[in-house]
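Student: Give me a model of this one.
(3 chains)
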Amino acid sequence: MSFPWAKQYEPKHPLMRFLDEKLPMPRLVYNAIGSGYPVPRNLNYMWNFGVLAGFCLMLQIVTGVVLAMHYAANTQVAFGTTEHIMRDVNWGWMMRYMHANGASAFFVVVYLHIFRGFYYSSYKAPREMVWLLGVVIFLLMMATAFMGYVLPWGQMSFWGAKVITGLFGALPVVGEPIQIWLLGGYAPDNAALNRFFSLHFLLPFVIAAVVILHIWALHIPGSSNPTGVEVKSESDTIPFHPYYTAKDGFGLGVFLILYFAMVFFLPNYLGHPDNYIEANPISTPAHIVPEWYFWPFYAILRAFTADIFFGLIPAKLMGVLAMFSAILCWFFLPWLDKGPVRSGHYRPLFRKFFWFGLIPTMLVLFYCGGAPAEEPYVMLSQLATAYYFLHFLVILPIISSIEKPEPLPYSITEAVLGKDEAAQLGDSADTAK
Amino acid sequence: MADTTGTVQPETADIGEDGVRRRDFINIAAIAAAGTGGVVTLLPLISQMAPSADVLAASTTEVDISKIEPGQAIKALFRRQPLFVRNLTPKEIAEADAVPMSELRDPQTLEERTKPGKTNWLITMGVCTHLGCTPLGAGPGEDRGPYGGYFCPCHGSAYDTAARIRKGPAPTNLEVPEYEFTSDTVVKVG
Amino acid sequence: MIRIFGILAGLFFSLSVLWAFISGAIAVAPVLGEYGQFTEPMADKVFHEKHPPALHLQSDGPFGTWDLAQLQRGFQVYKEVCAACHSLKFVAFRDLEELGYDKGQVKTIAAGFQVPGVDPNTGEATTRPGMPTDYFPSPYPNETAAKAANNNAVPPDLSLMAKARHGGPAYIHAILTGYGPEPEALKQQFPDFKVPSTGHYNKYFPSLAIAMPPPLTAEGQVSYAEGQPKPTIEQMSTDVSAFLEWTAEPKKVKRTQTGWPVLGFLLFATILAYLAKKQVWAALKPKKKHTA
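Tutor: Presented below is the predicted three-dimensional model:
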């Protein structure tokens, strides 16, 4: 679907006309990210991260396929082939650093994309499906990133694999058999490494498929925008191309500068020295921490230090449940936050809880997740975890019913151009019937 | 009037006297830069598939030839490819020398293909020059083909006792690698 | 309905974690007191120097280059001292050409090492002189032998040491120069602290007792070529740390040198992209003169 004023694809060249008749691929692109897709005219730079996330996915797939040409998923040689890539393969060092830092870049972009969604309540009707698919993508990304980190078979790879599969061991009765089944053994070994490689290769393509659904679902209602006011007329929108292709192009340039600065000058900054030590099943590193993008959820996992209901739910299980619930609760956001107004710009109470509640909480969780499991970090993460669940599951439902939103602009055009201009375009509260 | 703010057609909107040219220039330059970046990115992606440094690093192989009787041959491995080392009998040498150059597809004498004074040591790659199979004739009991040298079973290329192509689709003689005799009994290849 | 369940679930998780917080606080308060009373801080918490002193190498930073003379000296230290116990398994002799040795010198160096081989006549495992394509051999035939020869402490492979420790080459340099007698203050504060008989006091090692005996003990232990700096312990430690920085990432300088043109190009392209974006969006700006 699109707005009735969306431009129609009109191939001029005979070849394009032929193609359009037989396989309307150019038409698809034209309507998806070309001039045929009308987009609100007021998107700010926070709306760049969707395109950037798509770029990161492609970057990871390309560099990943290259690395897979030189890597061997066997515990005897995995670490060695990784070093072979770093030392002997032409440009191998660059490919590997691009892939490792690309994972971090992907998560930076996706976190910003998600928090854009939180602030502007992009999850609200009619875009629930876009949001649900987005959470699915995030979960798939986490699984893919985790399995990818195991592949170099360093110390952190090995112990990460052991600890993360150990999470499933927390489930009552079925836990341990599930862990053994996941690993194909009692500890991470060749069986685990091989299946992780296989799945690490497969999942990005699954992600790509869900991304297509995500974009498809987005194109039905069209993009949201910073005012949260739905598109009312033609003057509210501009074609995606050339306006947003140009804007995304600039955003991509800025992203690439930051990304390549990391790749070339600080490639190991986000990594951990222990992963340059080959996996050793009889010696655990002093500090095992996951990669930074897992830190908030790792902090939530570790926050549950006491058994609940007099031992009915052991702390270990509670931590695992909470960690998964921390993401799963995002699935219900469209129905938890029911208020009619979307944008945080016009929601005074919501805005306060966002900037002074959620954001500091996330920063604390990020920090504590990367810190050792000592005081004061455990207690800090306990408080932050409590707020985290309160925010999404208690505060949002309540404020969405009691909040008095600030007055909204009549239309996007009015928000951008002011009342007078909009009135001249016949697109303002004054001229509306 | 509406087209100045609403549905703007980039081609027609905002045409100034000198505006068009400058704007086009910047857009073209930006697209060209993106294209250049994309093309340059392809170079490492292509070159990563070329042999890596450890593969390129030329290794050498030493072969002990003391146990090869006249008329026998052995196969060794040199840079991951088969190497034939053959001790020719005087009869085989004579056969090779008797062939007129005009009969050869890739004219070379046995002398040119061996070291002076060591004409009986025929050292060649065991890689058929047609499509890369390993010809028969070096292993014990293998078919040496109609010319008594090597015979490739894949597509029927027949080599003579100087490992020169005589019949079949192969275009050139079996390749003679670089080698030297480090002693009477040891050959260093590569 | 979802909202009611949501609120219940949210309260459940929040209260559970607050319960953990409170029981933790109750548990920790007296324990903290107990720690104060009964549990002495460990000697290694007090006397371990966490931050190695800064080490400045020519390869540091975004404009770094290799100091080939220093790398050659460092290689000499590795060859004459470290190689007795430590392998360097990801480095091949051919890689030494990057240190400024020519092919002939590399051949000679390689031939000076015995690498595992197979006797062509008997098929038995044996050794043969190394070739440029070989990798640095391990001084021990296997891990068990390495353990047996070193009181169960396997000397780690050094190829990646400069990337496998916080601080990198500075840490290596600190360990090599951090040996010494236990300080008096430590003996007074922790009379029970004892370096095990197989260990050696080193203030930069996390447990303060490192299994490796001081490898560089005397000036001139390695004799440097004419015209090179005096082989003091400090100099040899710095040189071998620089060498191990190279073995850990031989492509480091190539990496930073590739980085600058890439960033320069991207900056240029991004400025163009910004100008292009402005041009494209200029068409949207309301034109007063048109509408007036």
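Student: Could you report the pLDDT at A:F350?
Tutor: For A:F350, the pLDDT comes out at 95.
Student: err, C:Y35, not the other one
Tutor: 44.
Student: Can you pull out the low-pLDDT segments for chain A?
Tutor: Within chain A, the stretches with pLDDT under 70 are A:1, A:426-433.
Student: tell me how far the longest helix along it is from the chain's mean position?
Tutor: Longest helix in chain A, counting residues (DSSP state H): helix A:190-219. Helix A:190-219 sits 14 Å away from the centroid of its parent chain (C-alpha atoms, centre = their mean, to the nearest Å).
Student: And for stretch C:104-119?
Tutor: With C-alpha atoms, centre = their mean, you get 28 Å for stretch C:104-119.
Student: Quick check: mean pLDDT of that stretch?
Tutor: Computed over stretch C:104-119, the average pLDDT equals 93.
Student: repeat for stretch C:175-190
Tutor: Rounded mean pLDDT across stretch C:175-190 is 90.
Student: Stretch C:273-282 vs chain A: in contact?
Tutor: Yes: shown here: stretch C:273-282 in contact with chain A (C-beta under 8 Å from any C-beta of the partner chain) through C:273-274, C:276-277, C:279-281. Using the backbone N, CA and C atoms, a C-beta is placed for each residue, glycine as well.
Student: and the helix or strand encompassing B:K188, what does it pack onto?
Tutor: Assigned by DSSP states H and E, B:K188 belongs to strand B:186-189. Applying 3 or more C-beta pairs under 8 Å, 6 or more residues apart in numbering or on different chains; DSSP states H and E, one finds that strand B:186-189 contacts strand B:61-64, strand B:121-125, strand B:179-181.
Student: Quick check: buried residues in the longest helix along chain B?
Tutor: Longest helix in chain B by number of residues (criterion: DSSP H): helix B:19-47. The neighbour-count check on helix B:19-47 (16 or more other C-beta atoms under 10 Å in any protein chain shown) flags B:23, B:26-27, B:29-30, B:33-34, B:37, B:44 as buried.
Student: ok, back up a step: okay, the residues of stretch C:273-282 next to chain A in a markdown table with neighbour count, pLDDT and distance to A:G319 next?
Tutor: Shown next, in a markdown table, are the residues of stretch C:273-282 next to chain A (neighbours: other C-beta atoms under 10 Å in any protein chain shown; pLDDT from 0 to 100; distance: C-beta to C-beta, whole Å):
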| residue | neighbour count | pLDDT | distance to A:G319 |
| --- | --- | --- | --- |
| C:A273 | 27 | 96 | 46 |
| C:Y274 | 19 | 96 | 46 |
| C:A276 | 26 | 95 | 50 |
| C:K277 | 24 | 95 | 46 |
| C:Q279 | 21 | 91 | 54 |
| C:V280 | 25 | 93 | 50 |
| C:W281 | 17 | 93 | 49 |
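Student: circling back: ok, then the element right after the longest helix of chain A?
Tutor: Assigned by DSSP H and E, the successor of helix A:190-219 is strand A:237-239.
Student: what's next to that next one, contact-wise?
Tutor: A:3, A:5, A:7, A:34-41, A:222, A:231, A:244, A:412, B:7-8, C:284 (C-beta atoms under 8 Å, 6 or more residues apart in numbering or on different chains).
Student: Could you do stretch B:64-84 as well?
Tutor: Residues outside stretch B:64-84 that contact it (C-beta under 8 Å, 6+ apart) are B:58-59, B:61, B:63, B:85-90, B:92, B:120-127, B:134, B:137-140, B:150, B:163, B:174, B:177, B:184-187, B:189-190, C:120-121.
Student: before we move on, what about stretch A:380-394?
Tutor: A:299-300, A:302-305, A:322, A:325-326, A:329-330, A:333, A:336, A:353, A:357-358, A:361-362, A:364-365, A:367-369, C:6-7, C:9-11, C:13-15, C:17-18, C:20-21, C:24.
Student: Now restrict these to buried residues only.
Tutor: The buried subset of the contacts of stretch A:380-394 (16+ other C-beta under 10 Å) comprises A:299-300, A:302-305, A:322, A:325-326, A:329-330, A:333, A:336, A:353, A:357-358, A:361-362, A:364-365, A:367-369, C:6-7, C:9-10, C:13-14, C:17-18, C:20-21, C:24.
Student: Sort out for me which of those residues are in helices.
Tutor: Using DSSP H, the buried ones among the contacts of stretch A:380-394 in helices are A:299-300, A:302-303, A:322, A:325-326, A:333, A:336, A:353, A:361-362, A:364-365, A:367-369, C:6-7, C:9-10, C:13-14, C:17-18, C:20-21, C:24.
Student: what about residue 84, how many residues close to it?
Tutor: The chain I'm using is chain A. Residues lying near A:H84 (other C-beta atoms under 10 Å in any protein chain shown) number 19.
Student: try chain C instead
Tutor: If we define neighbours as other C-beta under 10 Å, then C:A84 has 11 of them.
Student: Now do the contacts for B:K118.
Tutor: Applying C-beta under 8 Å, 6+ apart to B:K118 gives the contacts B:F181.
Student: what about it, distance to B:L104?
Tutor: 22 Å (C-beta to C-beta, to the nearest Å).
Student: returning to what we had before: can you list the strands that the strand holding B:K188 pairs with?
Tutor: strand B:61-64 (antiparallel), strand B:179-181 (antiparallel) (DSSP bridges).
Student: what does that strand rub up against?
Tutor: Contacts for strand B:186-189 (C-beta under 8 Å, 6+ apart): B:60-65, B:76, B:78, B:83, B:85, B:121, B:123, B:177-182.
Student: Buried ones among those?
Tutor: Counted by 16+ other C-beta under 10 Å, those give B:61, B:63, B:65, B:76, B:78, B:83, B:85, B:121, B:123, B:179 as buried.
Student: Touching, C:A174 and C:E49? I think so.
Tutor: Yes: with contact defined as C-beta atoms under 8 Å, C:A174 counts as touching C:E49 (7.4 Å).
Student: more crowded one of the two?
Tutor: C:A174 (23 against 13).
Student: contacting residues for the more buried one?
Tutor: Here C:A174 is in contact with C:49, C:52-53, C:55, C:167, C:204 (C-beta under 8 Å, 6+ apart).
Student: ok, of those, which come out buried?
Tutor: Buried, going by 16+ other C-beta under 10 Å: C:52, C:55, C:167, C:204, out of the contacts of C:A174.
Student: now, the most widely separated pair of these?
Tutor: C:L55 and C:Y204 (12.0 Å; C-beta to C-beta).
Student: which SSE is C:K147 in?
Tutor: Using DSSP H and E, C:K147 falls in helix C:143-149.
Student: And the residue of the stretch 51-200 of chain C closest to chain B?
Tutor: The nearest approach of the stretch 51-200 of chain C to chain B comes at C:T133, 4.3 Å away (C-beta to the nearest C-beta).
Student: burial of that residue, as a residue count?
Tutor: Quick note: C:T133 (other C-beta under 10 Å) scores 16 neighbours.
Student: show me where chain A has strands.
Tutor: A:38-40, A:237-239 (DSSP state E).
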